[in-house]
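Enquirer: Give me the fold of what follows.
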Amino acid sequence: MIKSKLVEFTRTLSKVELKEFGKYLEGMTLKKGKVFLLYQYLCKSYPDFPEKKIAKEYVSKKLFGGSKDSLKNLRDTMSNLYGFLEDFIVKKELEISESERNFILLKAIGRRKLDRFFFQKITSIQKDWEKEPLPGIEHLYHEFRLSKVCLFHPNYEISVSGNISYSELNEKMDRFYLSKKLYLLLGQYQTSSFVLPTDEKENKEQNFLIDNLLSISKLNRFQETPQIKLLSDLVEAFYKQDFSNFSKIKERFKASLSMFDEYEQKDLLTIVQHICYTKYIKEDVKYLAEFFDLYKLAVEEKLIFEQGYIASQTFINIVDVACSVGELDWAEFFVVQNGIYIKESVRADYVNLCKVKICMRRKKFESALEMLAFIDHLNPFFAIQVRPIQIQCYYDLGEEYEELFYNQVRAFKMYLSRKQELTEQVKLTLNNFLKFTNALQKIMISNGSISLDFLKEIENTQNVACKSWLLEKANELKKIPS
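Expert: Numbers count the residues shown, from 1 in each chain. Next up, the predicted model:
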C-alpha cells in the first residue's frame with residue numbers, strides 16, 4: 001500500500017487540505033461507510049505512513065477483520081477513496097485557477113442551451129480581464145479561447161452585438177503562439193545555449209525558423225504586445241550573441257514584468273541577469289550597479305523565493321553585489337529581514353558570513369576577523385569564502401599584518417592545490433585573486449604605484465574572485481600622470 005496512488009497522493013496534501021478532504025467526504029454522505037473508515041485510518045498514519053502500519057494485510061485485518069474477502073474489500077475501498085481524492089484535487093485546482101473554472105462553467109451553460117446567460121458570462125469575464133489583466137503567457141491563450149468559444153457558438157450572430165472575425169481570432173492565436181515559441185527558445189538557450197545541430201542541413205533549417213520567427217515578431221501589430229516585444233529582443237540578443245541593447249532590454253523587462261506569471265518572471269530575471277553578468281565580465285565593472293538594480297527588483301517582487309526559502313547561494317550573491325556597489329545599509333537590512341528564509345541547517349553560517357562581508361566593507365577589519373571564527377572553516381564552500389576575506393583584511397590593516405598576509409596567501413595556495421573536490425574553474429578564479437593581491441601587497445608595502453597596464457590586466461581577466469575589490473585597491477595605487 002506504501003506505493004499505491006492513494007497513499008502517494010494523500011502524502012502531498014497539507015494538514016489543512018487533509019481536513020478539507022474529510023469534510024468533502026462527509027458532504028458526499030460517506031461518513032458511515034468503508035471509504036470514510038479508510039480515510040480516518042490514513043489520517044492517523046499521515047504524513048509518515050509507516051510501512052508496517054499501512055501494509056495491505058495489516059490494514060485489511062484492522063478495518064475489515066480476517067475474512068477471506070478482507071483484501072478485496074480493501075482494494076475496492078482504496079479504489080473508491082482514490083476516485084474521491086481525484087475529484088477533491090480537481091476541485092482545489094479549480095479554486096486556484098479561475099480561468100479554467102470559467103471555461104468549464106461556459107461549457108456547462110452551453111450544453112444546457114442557456115444562451116442569454118452564456119453570452120452574459122463571456123461579457124462578465126471580458127470586463128474582469130480588462131479591469132485586471134491576468135499575468136502569464138497562458139493568458140494570451142485564454143483570450144483566444146474565450147473569443148473562439150464565443151465565435152463558434154451556434155447562436156453567436158443573433159445573440160451578440162459586435163463582431164469577432166476569424167481574422168481577429170487568428171491574430172489572438174498568433175500572439176499566443178509567438179510569445180510561447182519565443183519563451184521556449186529562451187528556455188532552449190538556458191539549457192543548451194542554442195547549441196546548433198551538427199548536421200549542416202538541420203543547422204540551416206533551425207536558423208531559417210528562428211530568423212522568420214524574429215522577423216514576424218518584429219511586425220508592428222505584434223510589437224504592440226509587451227510580452228512579444230521583450231521576448232523577441234531577448235531571443236535576438238542570444239541568437240546573435242549581441243548584448244549591446246542591454247539597457248533597453250532591462251527597462252522593457254521591468255516595465256512588462258507584471259504581464260508574466262511568477263515562473264516566467266523568475267526565468268526572465270535569470271536571463272536578463274545573465275546578460276548583465278556577461279557585460280560585467282567582458283566589458284565593464286560598472287554593470288555591477290545594473291546587477292544590483294536587478295537583484296533589488298527581485299527582492300521587492302519576491303522573485304528570490306523558492307517554496308518559502310531563499311537559496312543560500314542566491315542570498316550570498318545578493319549581499320556580495322550590494323557590498324561591491326557600496327549599498328551597505330541596504331545589504332545589512334536585507335540580511336536582517338531575510339536571513340530567516342535560509343534553510344535552518346546552514347542559516348547561521350551564511351548569515352554570519354554575510355555580516356562579515358558587510359563589516360569588512362565598513363573597514364572594521366579586526367571585527368570582521370573576529371567574526372570569522374564563528375563560521376564553519378571545514379566546509380570547502382565556506383573555506384573558499386572565508387580565506388579571501390582574511391587576506392583582504394590583512395591587506396587593508398597594513399604593515400603590521402604583512403607576515404600574516406603572506407602566511408595566509410601561502411596556506412590558501414596549498415589548500416587549493418590539495419582540495420580535489422574544487423573544480424579547476426574555481427581554483428583558477430581564486431589563484432588569480434591571490435596573484436593580483438600578492439602583487440598589490442608588494443607595491444603597497446614598498447610605497448610604489450601600479451602601471452595602467454597592470455590595472456588593465458585585472459580589468460581584462462575574466463576568471464578572478466573579488467574583482468571589484470581588486471580594482472578598488474589597484475586604483476588606490478595607480479600612477480598619476482605628471
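
Enquirer: can you pull out the helices in the stretch 201-350 of the chain?
Expert: 220-223, 226-240, 246-256, 262-282, 287-300, 312-324, 328-338, 344-361 (DSSP state H, counting those that start in this stretch).

Enquirer: could you give me the average pLDDT of the last one?
Expert: The predicted model gives helix 344-361 an average pLDDT of 93.

Enquirer: Using CSV, list the CA coordinates for that helix.
Expert: Extracted C-alpha coordinates of helix 344-361, given in CSV (Å, rounded to 0.1, in the frame of the first residue of the first chain):
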residue,chain,number,x,y,z
GLU,A,344,17.9,26.3,9.2
SER,A,345,20.8,23.7,8.9
VAL,A,346,23.1,26.3,7.2
ARG,A,347,21.4,29.6,8.2
ALA,A,348,23.8,30.7,10.9
ASP,A,349,27.0,30.2,8.8
TYR,A,350,25.5,32.1,5.8
VAL,A,351,24.1,34.9,7.9
ASN,A,352,27.4,35.3,9.7
LEU,A,353,29.4,35.2,6.5
CYS,A,354,27.3,38.0,5.1
LYS,A,355,27.7,40.1,8.2
VAL,A,356,31.5,39.6,8.0
LYS,A,357,31.4,40.8,4.3
ILE,A,358,29.5,43.9,5.3
CYS,A,359,31.7,44.5,8.3
MET,A,360,34.8,44.3,6.1
ARG,A,361,33.3,46.8,3.6
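
Enquirer: Now the element after it, going C-ward?
Expert: Next helix or strand after helix 344-361 toward the C-terminus (DSSP states H and E): helix 365-371.

Enquirer: can you pull the buried residues of that next one?
Expert: By 16 or more other CB atoms under 10 Å, the buried positions in helix 365-371 come out as F365, A368, L369, M371. No exception for glycine: its C-beta is placed from N, CA and C like everyone else's.

Enquirer: hang on, the earlier thing: next, format the helices of the stretch 201-350 of the chain as TSV and append mean neighbour count and distance to I89.
Expert: Putting those into TSV (neighbours: other CB atoms under 10 Å; distance: least, CB to CB, whole Å) gives the following:
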stretch	mean neighbour count	distance to I89
helix 220-223	12	38
helix 226-240	21	30
helix 246-256	16	33
helix 262-282	18	20
helix 287-300	19	32
helix 312-324	21	31
helix 328-338	16	33
helix 344-361	19	30
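
Enquirer: May I see those helices organised as a markdown table, with distance to C150 added?
Expert: Output for the helices of the stretch 201-350 of the chain, formatted as a markdown table (distance: least, CB to CB, whole Å):
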| stretch | distance to C150 |
| --- | --- |
| helix 220-223 | 21 |
| helix 226-240 | 23 |
| helix 246-256 | 27 |
| helix 262-282 | 27 |
| helix 287-300 | 38 |
| helix 312-324 | 44 |
| helix 328-338 | 46 |
| helix 344-361 | 52 |
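
Enquirer: So which of these is nearest S45?
Expert: Across the helices of the stretch 201-350 of the chain, S45 has its closest neighbour in helix 344-361 (26.3 Å, CB to CB).

Enquirer: got the angle for the closest one vs helix 328-338?
Expert: 170 degrees (axes from the mean of the first three to the mean of the last three CA atoms, to 10 degrees).
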